[in-house]
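>>> Sharing a model prediction with you, sequence too.
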Amino acid sequence: MTSWDDAIVLSRDIVATEIPYGFEVPLTAGSKVVISQAMGGSFTVVTQNGQMVRIVSADADAIGQEARAEADASLAIVETDEDVEKLVWEQLRTCYDPEIPVNIADLGLIYGCSITPADDSQRRVDIQMTLTAPGCGMGEILKVEVEEKLSKIPTVKEVEVEIVFEPPWEMSMMPEAAKLQLGLM
């Protein structure tokens, strides 16, 4: 339930992303929103007309928030493929479904992660991920977020994220800790 007692007035015009459709939505200065989730560097808010939208960290000031500092993977020491894989999973745990307060790795949306050599001691990371629903318009947005975050890892030259739907995602794919976090156990 949205409490408009906690409403925030936008200080400037911004463009948000409508959840779950993925369409750009202009929000104008003076509009009211209520924050429903602030995780992974973005904010999920509800607008006065009931739309749920995602606001990126770069626009945090428009809702009176500070941009979320993210772990800087570019500073990590990487010597082995195992080091890279560990950093990949750390970065995946900073990407959140905008409707569910659990990261995409712990939701069970990551079906595969492989690291292969590229030229000049560089690496390629291939991720297979799914969505909680096949028609979710946020898929491309999450895919780009994953690619951007993984590209910051030292020695990673290429990142390819493939969205797959086999097998279809279901709640049983979440570990018990995620289910507990969501109150499903």
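Happy to help now that I have it.
>>> what about this structure, any weak spots by pLDDT?
Within the chain, the set of residues satisfying pLDDT under 70 comprises 1-2, 68-75, 185.
>>> Break it down into its domains, please.
If you go by automatic domain parsing, the domain ranges for the chain are 4-63, 73-181.
>>> got TSV for the ones you listed, with mean neighbour count too?
In short, each C-beta sits where N, CA and C put it, glycine included. Below are the domains of the chain laid out as TSV (neighbours: other C-beta atoms under 10 Å):
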stretch	mean neighbour count
domain 4-63	17
domain 73-181	16
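>>> mind listing the strands in this protein by residue range?
Ranges of strands within the chain are 8-9, 14-18, 24-27, 32-39, 42-47, 52-56, 110-117, 123-129, 156-163, based on DSSP state E.
>>> got those as JSON lines, with distance to residue 76 columns?
JSON lines is the format used below for the strands of the chain (distance: least, C-beta to C-beta, whole Å):
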{"stretch": "strand 8-9", "distance to residue 76": "35"}
{"stretch": "strand 14-18", "distance to residue 76": "29"}
{"stretch": "strand 24-27", "distance to residue 76": "33"}
{"stretch": "strand 32-39", "distance to residue 76": "22"}
{"stretch": "strand 42-47", "distance to residue 76": "23"}
{"stretch": "strand 52-56", "distance to residue 76": "24"}
{"stretch": "strand 110-117", "distance to residue 76": "14"}
{"stretch": "strand 123-129", "distance to residue 76": "13"}
{"stretch": "strand 156-163", "distance to residue 76": "11"}
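>>> Once you drop chain neighbours, what's closest to the residue nearest the centre of the chain?
The centre of the chain sits closest to residue 95, judged by C-alpha atoms, centre = their mean, with a distance of 3.1 Å. Spatially, and ignoring its direct neighbours in sequence, residue 95 is nearest to residue 104 (4.9 Å; C-beta to C-beta, 6 or more residues apart in numbering).
>>> Would you check that residue 106 makes contact with residue 95?
No. Shown here, residue 106 and residue 95 do not form a contact pair, counting by C-beta atoms under 8 Å, at 10.5 Å.
>>> Residue 18: what's it in contact with?
24-25, 51-53, 137 (C-beta atoms under 8 Å, 6 or more residues apart in numbering).
>>> before we move on, back to that, what's the overlap in contacts for residue 106 and residue 95?
In contact with both residue 106 and residue 95: no residue, using C-beta under 8 Å, 6+ apart.
>>> show me the contacts for the residue of the chain positioned farthest from its centre.
Distance from the C-alpha centroid of the chain, by C-alpha atoms, centre = their mean, peaks at residue 120 (30.2 Å). Shown in contact with residue 120 (C-beta under 8 Å, 6+ apart): residue 157.
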